[in-house]
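Undergrad: Structure, please.
(2 chains)
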Amino acid sequence: MNRREALKSLSALIATGAVAASARASEMQGYPSNLAVADEFLPRPAMDGGKMHVLTDETALKTVTAVFDRLIPADDLGPSASEAGCIVFLDSQLADRFGQGAQLYREGPKLPGADELTQAPQFIATPRERYETGLKALEAYAQQTDGAAFADLQPDRQDEILQGMEEGSISLADDINTKAFFELMLQNVREGYFSDPIYGGNKDMVGWKLIGFPGARYDYRLYADRVGQKLDLESISLIPLD
Amino acid sequence: MTTNSKADVIVVGLGWAGSLMAEELTRAGLNVVAIDRGPWIDTSTHTPPAVDPDELRWGIRKELFSPPKDNTLTFRNTLDQTAVPQRDFGIFELGGGVGGAGFHWAGMAWRFNPYDFEIRSKTIERYGIDRAEDGELQLQDWGITYDELEPFYDRWERIAGISGKAGNLNGEKIEGGNVLEGPRSRDYPTPPLKTLRSMEVFNEATERMGYHPFTIPVANISQAYVNPLGVSMGACSYCGFCLGFGCGNFSKSSPQACIFPALMRRSNFRLLTESCVTRVNKAPDGQTVTGVTYVDAHGKEHVQEGDIVCITAFQIDSTRLMLLSGIGQPYDPRDQSGVVGRNFSFQTVSGVDMWIEGEQMNPFIGAGGLGSQIDDFNADNFDHSDLDFLHGAGMLTLARDGMPISKANKLPQGSPRWGSGFKQAYKDHYQTYTTIFNQGSSMPIKHGYLDLDPNYKDKFGQPLLRLTYDYSQSDRNMAKFTMDRSIEIAKEMGAQHITPFNFADKPFTTSIIASDHVIGGTPMGADPRTSVVNPYLQSWDCHNLFICSASVFPMNSGYNPTETVGALAIRTAQAIHQQYIQNPGALVKV
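TA: Numbering: from 1, shown residues only, chains lettered A, B, ... in the order given. I've put the predicted structure just below:
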């Protein structure tokens, strides 16, 4: 096992919740003598291995892959979202705290008019639940309007539907905030394309190379005086080099 | 329920305010116990360089923050609405561990302007009572002047190692510093950070326009430094992973980087982590408090007794704790009676996003607080006689970071948000983007306040705090005025694409993060009818209870609040061990 694999397996262990919360001190006197890096602060890498953990429904997987690859398509500038690993990224994120809505205040009720008041829609449903219902509804919409799976539509037609979702001119279902579902997918595909490759997307740092972001660097003192100059710094990741 | 051994002083929340107070008080020989709801987190064990540079984890998922699941509130604009909970991350960026928000903050280190502390008196003096009392605003003085606070600003800057250049040394104006700041007794302990490209362009343009640009004083320090507590800090490496992040270089000032190494080694200091204080307990006669009740990580309730209690929690929590404990009369917006919950304020933010073709900003080189600012339209630095608002904004450009996920939203108007067009636009504009952010002041209003929500509860079954607020007309006019000035500056900077923004042209909301500077609820002042604590931050109701938090500001200025919280904490702690201990009772007689 090389360093990279070792880091990944260690963090995968953490992602399964193997860290005992009860081990934490609650009363402290004196400076802590344990200087090891806290396990729960290590990155939780994508859980790869060739299978999906949340996106297990074949149709839903095809639908979201088609959506992601229209939001960030393959072209002269680089690979598509799915080629860059954004589906693996999304699946891992949905399996993790983000997908579980672990940080959200989810006590009911959600009052009518709440979204107008906050001006940004908020949800009791978890992101995982929103993907499940949203992708199902998007597929049903395609079947109803075009008599075919969303994934099998022509790219132009897929774009037309996505644009309608973005603008709010298409409603997938009464109980789905279609516009917000579009924004969720757009945010997540961008996260996959531009976050550290340790999370499964941004394969070979294609997203960072596209814009010229040098990645997980921690010291620019040598370059800070070269104000206004093109630096051409190579991107680096949190994943240790082999 | 168990009862711990009694302490001299209980500190509720170990952020900047709590750790500064605990440091002063333990050095004076008092036994201090700090109680924090978060876990222990520290630089080398939690956010070393191998963990820190990760936008997804810290910038987007905000894993250093206390999540809304554990700490949120409800919100409405007006009294006739039913408030709804803030369910996802919004403007409340509370710390998730010890160090509080002082661990993940960006690091802008400002003193407030002398005008701020006497805003009511000085407004009346220069513009007449009609401007101070327009029917909507609720201006009040702080009960302390800038000059009184100056030695404590100075002390905090020494502890934090702040990098900057004085613009006003004992009244003498110094070019290159902020010539419009209040007089300082001495210069900053460390020199300013480097001037990066966006700052260079901003400085040149604003100088041509006759304004007075300077480098923002920051807690991302420019060189190695040893503070008065003997704690060593390192030089900032311009990595840009600051706002929402820890700092692996020991160069971003925080309780961890500046105070804990000294404080934690004192035998008269004890820290209880993952323990949430749920109420402050009053003595039977109601004249003093006896200690606090808290719930530990296992859900078990404890009592900690103490001779003195200092509430040093985040603004919303300090206010909520007072309301939950039934100390002080809750504020009623209908007749402005009562005090607890009064004078909520925010920041009134406008500005421009801009793109200057052909530029190479190298945005990834930066520091959390780094940027250039002009104060020509801040505080009362300009004549408001013919203007329809009070105060103003610090107008700044940032050299903070080049985070690739969040910057994907920063494209000129008309750019595609997805598809090949998006990829091309992002490639073309990532290097050319910069901004002017008008960090506007926020005037307190009669109908802006905090109370307990009748419908929604937290994980302990206690009512959430409820916020009722919308921008005042004065603040809206100010935001429009400063936005127009920033458009002029952007044009002078040579921007081809300019997108103005003004958060105050719509109703206020907790969901859209114009700023994370939330203020007020337990205002300080010289008059107990309009304040919760006196100028020593001592409760008017219970003399052994002190509150130090941004909740004590009676208004918000065109600056970040942290340094003023820090200066007030040091001043209050000194008043406790130099005056209160010898003669317990009210430090201010009315």
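Undergrad: For the biggest helix by length in chain A, which outside residues touch it?
TA: Here the longest helix in chain A is taken by residue count, with DSSP state H as the criterion, and it is helix A:127-146. Outside of helix A:127-146, the residues within contact range by C-beta atoms under 8 Å, 6 or more residues apart in numbering or on different chains are A:54-55, A:57, A:59-60, A:63-64, A:67, A:93-94, A:98-101, A:123, A:125, A:148-150, A:153, A:157, A:161, A:165, A:170, A:172-173, A:175-176, A:181, A:184-185. Where C-beta positions appear, they are placed from N, C-alpha and C, glycine not excepted.
Undergrad: Stretch B:523-536 now?
TA: Around stretch B:523-536, the neighbours that count as contacts under C-beta under 8 Å, 6+ apart are B:140-144, B:322, B:328, B:339-340, B:342-343, B:444, B:521-522, B:537, B:539-540, B:546-547, B:551-554, B:568, B:571-572, B:575, B:586-588, B:590.
Undergrad: Okay, and which of these map to helices?
TA: Within the contacts of stretch B:523-536, residues falling in helices by DSSP H are B:322, B:568, B:571, B:572, B:575.
Undergrad: give the contact list for the first one.
TA: Going back to what we said before, that points to residue B:322. Taking C-beta under 8 Å, 6+ apart as the definition of contact, the neighbours of residue B:322 are B:280, B:311, B:328, B:340, B:521, B:522, B:532, B:547.
Undergrad: Likewise for residue A:63?
TA: A:135, A:138, A:139, A:149, A:150, A:151.
Undergrad: Strands of chain A, start to end?
TA: With DSSP state E as the criterion, chain A has strands at A:27-28.
Undergrad: May I have the secondary structure class of residue B:319?
TA: Classification of residue B:319 by DSSP: H, G, I helix; E, B strand; the rest coil places it in helix.
Undergrad: What is the neighbour count of it?
TA: 33 (other C-beta atoms under 10 Å in any protein chain shown).
Undergrad: re the thing from before, ok, the ones in helices among the contacts of stretch B:523-536 vs residue A:210, which is closest?
TA: Distances from residue A:210 to the ones in helices among the contacts of stretch B:523-536, taken as C-beta to C-beta, are shortest for residue B:568 (46.9 Å).
Undergrad: Find me the pLDDT at that closest one, would you?
TA: For residue B:568, the model assigns a pLDDT of 98.
Undergrad: how about the helices of the chain, start to end?
TA: Because you didn't say which chain, this covers chain A. Using DSSP H, the helices found in chain A span residues A:3-15, A:58-71, A:86-95, A:97-100, A:114-118, A:127-146, A:155-167, A:178-194, A:206-211.
Undergrad: Switch to chain B, please.
TA: Remark: helices assigned in chain B by DSSP H are B:16-27, B:43-46, B:101-104, B:114-117, B:119-127, B:129-132, B:146-160, B:197-208, B:255-258, B:260-263, B:315-325, B:420-429, B:473-492, B:562-575.
Undergrad: From the contact counts, what lies against the fourth one?
TA: Translated: helix B:114-117. Packed against helix B:114-117 by the contact rule (3 or more C-beta pairs under 8 Å, 6 or more residues apart in numbering or on different chains; DSSP states H and E) you find helix B:146-160.
Undergrad: Spatially, which two of the contacts of residue B:322 are the most separated?
TA: Checking these against each other with C-beta to C-beta, the farthest-apart pair comes out as B:280 and B:521, at 14.9 Å.
Undergrad: more neighbours, these two?
TA: Under the neighbour definition other C-beta under 10 Å, residue B:280 and residue B:521 were set side by side, and residue B:521 has more, 33 against 24.
Undergrad: Contacts only, for the more buried one.
TA: B:315-316, B:318-319, B:322, B:340-344, B:449-450, B:532, B:551.
Undergrad: make it 6 Å
TA: Counting by C-beta atoms under 6 Å, 6 or more residues apart in numbering or on different chains, residue B:521 touches B:319, B:341, B:450, B:551.
Undergrad: Can you tell me the closest non-neighbouring residue to it?
TA: Here the nearest residue to residue B:521 in space, its sequence neighbours aside, is residue B:319; by C-beta to C-beta, 6 or more residues apart in numbering or on different chains that works out to 3.1 Å.
Undergrad: what about the one you found, distance to residue B:530?
TA: With distances taken as C-beta to C-beta, to the nearest Å, residue B:319 is found 15 Å from residue B:530.
Undergrad: before we move on, what about residue A:106?
TA: The span separating residue A:106 from residue B:530 equals 38 Å under the rule C-beta to C-beta.
Undergrad: just checking, the residue nearest to residue B:521 touches residue B:518?
TA: No - counting by C-beta atoms under 6 Å, residue B:319 does not reach residue B:518; the two are 9.8 Å apart.
Undergrad: Would you mind identifying the helix or strand in chain A with the lowest mean pLDDT?
TA: In chain A, the helix or strand scored least confidently by mean pLDDT, DSSP states H and E is helix A:3-15, which has a mean of 44.
Undergrad: For chain A, give me the ranges with low pLDDT.
TA: Low-confidence regions of chain A, defined here as pLDDT under 70, cover residues A:1-25, A:242.
Undergrad: Okay, now stretch B:56-76: how far is its last residue from its first?
TA: For stretch B:56-76, the separation between the terminal residues is 31 Å (C-alpha to C-alpha, to the nearest Å).
Undergrad: Also stretch B:320-331?
TA: The first residue of stretch B:320-331 is 12 Å away from its last residue (C-alpha to C-alpha).
Undergrad: mind listing what residue A:55 touches?
TA: By C-beta under 6 Å, 6+ apart, the residues touching residue A:55 are A:61, A:91.
Undergrad: quick one: it and chain B, what's the gap?
TA: With the distance defined as C-beta to the nearest C-beta, to the nearest Å, residue A:55 ends up 19 Å from chain B.
Undergrad: Which one of the ones in helices among the contacts of stretch B:523-536 is nearest to chain A?
TA: When those are ranked by distance to chain A (C-beta to the nearest C-beta), residue B:322 comes first, at 22.0 Å.
Undergrad: by contact count, what packs against the lowest-mean-pLDDT helix or strand in chain B?
TA: Across the helices and strands of chain B, mean confidence by mean pLDDT, DSSP H and E is lowest for strand B:2-3: a mean of 85. With contacts taken as 3 or more C-beta pairs under 6 Å, 6 or more residues apart in numbering or on different chains; DSSP states H and E, strand B:2-3 sits against no other helix or strand.
Undergrad: So what touches it?
TA: B:302, B:303.
Undergrad: so what strands line up beside that strand?
TA: Partner strands and pairing direction for strand B:2-3 (DSSP bridges) are strand B:301-311 (parallel).
Undergrad: got the angle between the partner strand and helix B:562-575?
TA: 100 degrees (axes from the mean of the first three to the mean of the last three C-alpha atoms, to 10 degrees).
Undergrad: Produce a ChimeraX select command limited to the buried residues of the contacts of stretch B:523-536.
TA: Here the buried members of the contacts of stretch B:523-536 are turned into a ChimeraX selection, burial being counted by 16 or more other C-beta atoms under 10 Å in any protein chain shown:
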select /B:140,141,142,143,144,322,328,339,340,342,343,444,521,522,537,539,540,546,547,551,552,553,554,568,571,572,575,587
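Undergrad: can you tell me which of the contacts of stretch B:523-536 are in strands?
TA: B:342, B:343, B:521, B:546, B:547.
Undergrad: was I right about the last one contacting residue B:520?
TA: Which is residue B:547. No - using C-beta under 6 Å, residue B:547 is not in contact with residue B:520, being 11.8 Å away.
Undergrad: Now for the two: what residues contact both?
TA: Counting by C-beta under 6 Å, 6+ apart, residue B:547 and residue B:520 have no common neighbour.
Undergrad: how about the nearest residue to residue A:173, chain neighbours excluded?
TA: For residue A:173, the spatially nearest residue (C-beta to C-beta, 6+ apart) is residue A:137, at 4.5 Å.
Undergrad: and the one you found, how many neighbours?
TA: Here the number of neighbours of residue A:137 (other C-beta under 10 Å) works out to 18.
Undergrad: State the distance from it to residue B:526.
TA: With distances defined as C-beta to C-beta, the gap from residue A:137 to residue B:526 amounts to 60 Å.
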